[in-house]
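1. Build me a model:
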Amino acid sequence: MITKADLRKYWAIDEEMRQLERILQTLRTRMSGPRVAVIEHTPRGKSGTHDPMADYAGKMDELTRLYNKLWDELIDLNIAIEKGIEGLDPLERYAIRLRYFERLGWVGVAAKIGCSDRQAARVIDTAIAKLGREENVG
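-> Now for the predicted structure:
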């Protein structure tokens, strides 16, 4: 079933994807900005050309492939987590989604479910413990 490690993995993949999105946006901006004239006899980029646009395009292609791979992994993990938490109480499912999918802190989760941050942590810890017991039984 689902473990706390799976939930943390989801969070880590999501964070990596956010970083890739920022890098890709920076590359898109550089590629769509005004082009600088190529000066002869300058050091060549990784692609062997004087034109940095070719390097940007190659880097974008590489990062886009990585992003798509992570996206597929994130979707698969999301589906597994959703199936895993089906047996939890509605409040526990909601708290798990808020904490790990929406990436809210304890105070944010507590505000959404209407309790203290310590109680929100207990709700999630209880839910994760239930998931662990289901894994050991099955």
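
2. domains for the protein, by residue range?
-> What automatic domain parsing lists as the domains of the chain is 1-33+50-84, 89-138.

3. any low-confidence regions in this structure?
-> 34-51, 134-138 (pLDDT under 70).

4. Looking at the domains of the chain, which one is packed in the most?
-> domain 89-138 (a mean of 16; mean count of other Cβ atoms under 10 Å). Placement of C-beta: from N, CA and C, glycine included.

5. ranges for the strands of the chain?
-> Shown for the chain, no strands are assigned by DSSP state E.

6. just the helices in it please.
-> 4-32, 52-84, 90-96, 106-113, 117-137 (DSSP state H).

7. now the first one against helix 52-84, angle please.
-> The reference is to helix 4-32. Counting by axes from the mean of the first three to the mean of the last three Cα atoms, to 10 degrees, helix 4-32 lies at 150 degrees to helix 52-84.

8. what's the angle from helix 4-32 to helix 117-137?
-> In terms of direction (the same axes, to 10 degrees), helix 4-32 departs from helix 117-137 by 110 degrees.

9. residues touching the residue nearest to residue 94 when sequence neighbours are not counted, list them.
-> Spatial nearest neighbour of residue 94, excluding adjacent residues (Cβ to Cβ, 6 or more residues apart in numbering): residue 113 at 6.4 Å. For residue 113, the contact set (Cβ atoms under 8 Å, 6 or more residues apart in numbering) comprises 91, 94, 95, 98, 120, 123.

10. switch the cut-off to 10 Å
-> Residues near residue 113 by Cβ atoms under 10 Å, 6 or more residues apart in numbering: 91, 92, 94, 95, 98, 119, 120, 123, 124.

11. Just name the closest of these to residue 1, please.
-> Checking the contacts of residue 113 against residue 1 by Cβ to Cβ gives residue 92 as the nearest, at 13.9 Å.

12. how near is that closest one to residue 27?
-> For residue 92, the distance to residue 27 equals 41 Å [Cβ to Cβ, to the nearest Å].

13. how close does residue 70 sit to residue 98?
-> For residue 70, the distance to residue 98 - Cβ to Cβ - is 22 Å.
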